[in-house]
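Asker: Give the three-dimensional model of this entry:
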Amino acid sequence: MTDSHRLIGLTNENPQGISLAGLIAEDYRTHGRDPVSQGFWALFWHRFGNWRMGIRPRPVRLPFSAAYRIGAKLTQWFCGIDLPYTVRLGRRVRLDHFGGMILVAESIGDDVVIRQNTTLGIARTTKPHDRPRIGNGVDIGAGAVIIGAIVVGDRAVIGANAVVLRDVPEGAIMAGVPARQIGQR
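Answerer: Numbering: from 1, shown residues only. Reported below is the predicted structural model:
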């Protein structure tokens, strides 16, 4: 296990240089200023979950941790979105539509769009830390599956229902099962 894997979840990993309130306001705008957007609420609890990790000492953090766990679980149940606070998440991420989203990546960059029924995660239970890294400006279609310790390059497009098992070059347009490059942005 690497040092970065040991530290995941122990510190506030929200983007630097912007407050929690600023992140929430930005996420709200990114989701069309819709107060009932499921994607906005998933991001809200993700950001809150990270923010609480900056509270010291631990006993002071406990009520915030309880609130996070309840809010994150309600988001799973009612919105169908699982986005653990341990995912390093960039700015202006848009979770379009809702439902069936399992977003357990190592990181998701800035200006990423993810649509419904998308899975980001591990390929094998024997390698629980092998999670994808999604670059900046990536557009992920409905039903896409991106698994394993792979890198999706900046500005790539992952087509609907594509199954991505290998690294994706910057700007590549991927489609199919397994996904292959069909064009360049």
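Asker: which residues touch the longest helix belonging to the chain?
Answerer: When the chain is parsed with DSSP state H, its longest helix is helix 58-79. The contact list for helix 58-79, computed with Cβ atoms under 8 Å, 6 or more residues apart in numbering, reads 38-39, 41-42, 44-46, 48-49, 52-53, 55, 81-85, 98-99. Any C-beta I mention is one placed from the backbone N, CA and C, and that applies to glycine too.
Asker: Show me which residues of that helix are buried.
Answerer: Within helix 58-79, the residues that count as buried by 16 or more other Cβ atoms under 10 Å are 64, 68, 71-72, 75-76, 79.
Asker: repeat for stretch 95-108
Answerer: 95-98, 101-106, 108.
Asker: Dump that stretch to CSV, restricted to CA.
Answerer: The C-alpha trace of stretch 95-108 is given here as CSV (Å, rounded to 0.1, in the frame of the first residue of the first chain):
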residue,chain,number,x,y,z
LEU,A,95,-23.5,14.7,-12.5
ASP,A,96,-26.1,14.9,-15.2
HIS,A,97,-29.3,13.1,-14.6
PHE,A,98,-29.2,10.7,-11.7
GLY,A,99,-29.3,7.1,-10.7
GLY,A,100,-27.0,4.1,-10.8
MET,A,101,-23.9,6.1,-10.4
ILE,A,102,-21.0,4.4,-8.5
LEU,A,103,-18.2,6.9,-8.6
VAL,A,104,-15.3,5.3,-6.7
ALA,A,105,-12.3,6.7,-8.6
GLU,A,106,-8.9,7.8,-7.3
SER,A,107,-9.6,11.2,-8.7
ILE,A,108,-12.0,13.1,-11.0
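Asker: on that earlier part again, summarise which helices and strands the next helix or strand after the longest helix of the chain is packed against.
Answerer: Once the chain leaves helix 58-79, the next helix or strand it forms, by DSSP states H and E, is strand 81-82. The helices and strands touching strand 81-82, judged by 3 or more Cβ pairs under 8 Å, 6 or more residues apart in numbering; DSSP states H and E, are helix 38-52, strand 101-103.
Asker: Quick one: residues contacting the closest residue to Ala160 other than its chain neighbours.
Answerer: Distances taken as Cβ to Cβ, 6 or more residues apart in numbering put Gly141 closest to Ala160, at 3.6 Å, once the chain neighbours are dropped. For Gly141, the contacting residues are 115, 157-162, by Cβ under 8 Å, 6+ apart.
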